[in-house]
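Colleague: Structure for this input, please:
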Amino acid sequence: MLHGEGNFDLVAEVDLLAQHLTVPLRAARHHQVLITDKTPANVLALAGLVLDPAEPGTAEVLAAAEALCQAWMPLAYDAIVYCRDRYDQKAGGDRMREKVLTLQDKSDTAIHEACTMPGVQILEMPTGLTVAQRVQWTMERIGNMGLLAA
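Modeller: Numbering: from 1, shown residues only. Presented below is the predicted three-dimensional model:
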């Protein structure tokens, strides 16, 4: 999908999945705590909503990606901070997001399900917090988990 035109495709979704595996790994090498806006499981969940599983190879690739997420994420993530806030459907400005705004409820369910796996703690963030409150809430929880150096 380029310039807001076209459909989601398997190649783009595999590329996104790969980015959400490699970029955090590189960033984590240089930081004590790394907080990202998505996990590979988020990408997998959304791919399951926007791709046609009847397309050749799609179901097989999604199944393999799910197996990878199940095996990898407990090794790579101490916790997932799960935020259920919604994007304002009238805000505009993101042509990619505009194509999936109607999927917010389905996305929330699919992403939460994909992120809920053995070995990865889910921290459910309250909705309606400001950015500063989100940061404070998150830092308190990861501090309580012992993930911050004294």
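
Colleague: any idea how far residue 46 is from residue 11?
Modeller: 15 Å (C-beta to C-beta, to the nearest Å). For every residue, glycine as well, the C-beta is placed using N, CA and C.

Colleague: what's the answer for residue 147, then?
Modeller: Residue 147 sits 27 Å away from residue 46, going by C-beta to C-beta.

Colleague: the more surrounded of the two?
Modeller: Taking other C-beta atoms under 10 Å, residue 147 and residue 46 do not tie; residue 46 has more neighbours (21 against 13).

Colleague: Doesn't the more buried one lie inside a strand?
Modeller: No. Counting by DSSP: H, G, I helix; E, B strand; the rest coil, residue 46 falls outside a strand, being helix.

Colleague: need the contact list for it.
Modeller: 13, 100, 107, 110-111 (C-beta atoms under 8 Å, 6 or more residues apart in numbering).

Colleague: For this structure, which segments are assigned as strands?
Modeller: Along the chain, the stretches classed as strands by DSSP state E are 79-83, 121-125.

Colleague: Output these as TSV; include the columns distance to residue 72 and mean neighbour count.
Modeller: As requested, those are arranged in TSV below (distance: least, C-beta to C-beta, whole Å; neighbours: other C-beta atoms under 10 Å):
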stretch	distance to residue 72	mean neighbour count
strand 79-83	13	17
strand 121-125	16	14
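
Colleague: got a markdown table for those, with mean pLDDT and distance to residue 135 too?
Modeller: What follows is these, written out as a markdown table (pLDDT from 0 to 100; distance: least, C-beta to C-beta, whole Å):
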| stretch | mean pLDDT | distance to residue 135 |
| --- | --- | --- |
| strand 79-83 | 92 | 10 |
| strand 121-125 | 93 | 11 |
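
Colleague: Switch the ones you listed over to JSON lines; also include distance to residue 39.
Modeller: JSON lines is the format used below for these (distance: least, C-beta to C-beta, whole Å):
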{"stretch": "strand 79-83", "distance to residue 39": "6"}
{"stretch": "strand 121-125", "distance to residue 39": "11"}
